[in-house]
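Enquirer: Need a 3D model of the following:
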Amino acid sequence: GAGESKPVNAAAYKDAVKLACIGDSITCGPYPGMVKDALGSKWDVTNFGVSGATMLRKGDKAFNKLGQFAQALEKKPDVVTIALGTNDSKPGNWNKKAEFEADYKAMIEELRKANPKVIIYCCLPPPAGGNKWAINGEVIKNEVIPMIQKIAADTKCNTIDLYKAMEGKNGFSGRD
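Expert: Below you'll find the model as predicted:
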């Protein structure tokens with residue numbers, strides 16, 4: 001059901017639990033490796049992060065058009081984290097915000113087609129300060145996050161609140 005990050009019972013799986021980490025530069029960094037180390041050998045963690053990726057299918061680097069998305073679908077993951085939305089906040093992408101919800105739900109639907117039992121975690125983007133790379137922290141906080149929360153509720157996905165976890169830490173300010 002929808003709600004805050006619910007744990008997955010790895011013991012309920014016969015084989016290793018296949019975790020696909022889908023996202024942008026925040027994902028393509030070291031965190032999937034750290035997750036694998038923390039979860040242990042019962043987990044098969046694959047990093048599908050692509051720097052600059054967007055959820056918007058008409059965004060400047062639409063994740064659904066990248067090879068990493070096809071690879072994630074081929075893997076038929078048991079668990080998926082989706083950490084997209086940060087690059088969508090750029091003005092050139094966010095002018096298509098009316099399509100964000102439908103595009104996000106379409107990705108969830110494709111993941112569920114690949115594995116109908118998949119457990120999906122929609123990650124709320126972390127704060128973005130300084131308006132780096134035209135990423136808009138106010139849009140993330142006031143528009144992207146509420147949209148992702150609604151999408152997660154509508155699609156019975158879980159959420160992981162990276163915004164709350166990172167606010168005020170290591171240079172994350174949540175302000176433009």
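
Enquirer: Now do the helices for the chain: every range, in order, please.
Expert: For the chain, helices defined by DSSP state H occupy the ranges 25-28, 31-39, 67-75, 91-94, 100-114, 137-139, 145-155, 162-166.

Enquirer: tell me the mean pLDDT over the fifth one?
Expert: Okay, so that is helix 100-114. For helix 100-114, mean pLDDT rounds to 98.

Enquirer: sorry, back to before: of all the helices of the chain, which one is nearest residue 128?
Expert: Nearest to residue 128, of all these, is helix 137-139, at 4.0 Å by C-beta to C-beta. The way it works is simple: take the backbone N, C-alpha and C, and place the C-beta from them, glycine included.

Enquirer: Next, the buried residues of that closest one.
Expert: Using 16 or more other C-beta atoms under 10 Å as the burial criterion, the residues of helix 137-139 that qualify are 137, 139.

Enquirer: What of stretch 42-50?
Expert: 43, 44, 45, 46, 47, 48, 49, 50.

Enquirer: Same check on stretch 135-151?
Expert: 135, 136, 137, 139, 140, 141, 143, 144, 145, 147, 148, 151.

Enquirer: now this protein, which segments are flagged as low pLDDT?
Expert: Along the chain, segments meeting pLDDT under 70 span 1-5, 130-131, 170-176.

Enquirer: try 80
Expert: The chain contains residues with pLDDT under 80 at 1-6, 129-132, 169-176.

Enquirer: Compute the number of surrounding residues for residue 65.
Expert: 13 (other C-beta atoms under 10 Å).

Enquirer: Can you tell me the closest non-neighbouring residue to it?
Expert: Closest residue to residue 65 apart from its sequence neighbours, by C-beta to C-beta, 6 or more residues apart in numbering: residue 57 at 7.4 Å.

Enquirer: Distance of the nearest residue to residue 26 once chain neighbours are set aside relative to residue 40?
Expert: Here the nearest residue to residue 26 in space, its sequence neighbours aside, is residue 83; by C-beta to C-beta, 6+ apart that works out to 5.7 Å. Look at residue 83 and residue 40: by C-beta to C-beta, to the nearest Å, they are 22 Å apart.

Enquirer: what do you get for residue 104?
Expert: 30 Å.

Enquirer: Between the helices of the chain, which one is closest to residue 61.
Expert: Between the helices of the chain, helix 91-94 lies closest to residue 61; by C-beta to C-beta that is 8.9 Å.

Enquirer: More neighbours: residue 104 and residue 40, which one.
Expert: residue 104 (26 against 9).
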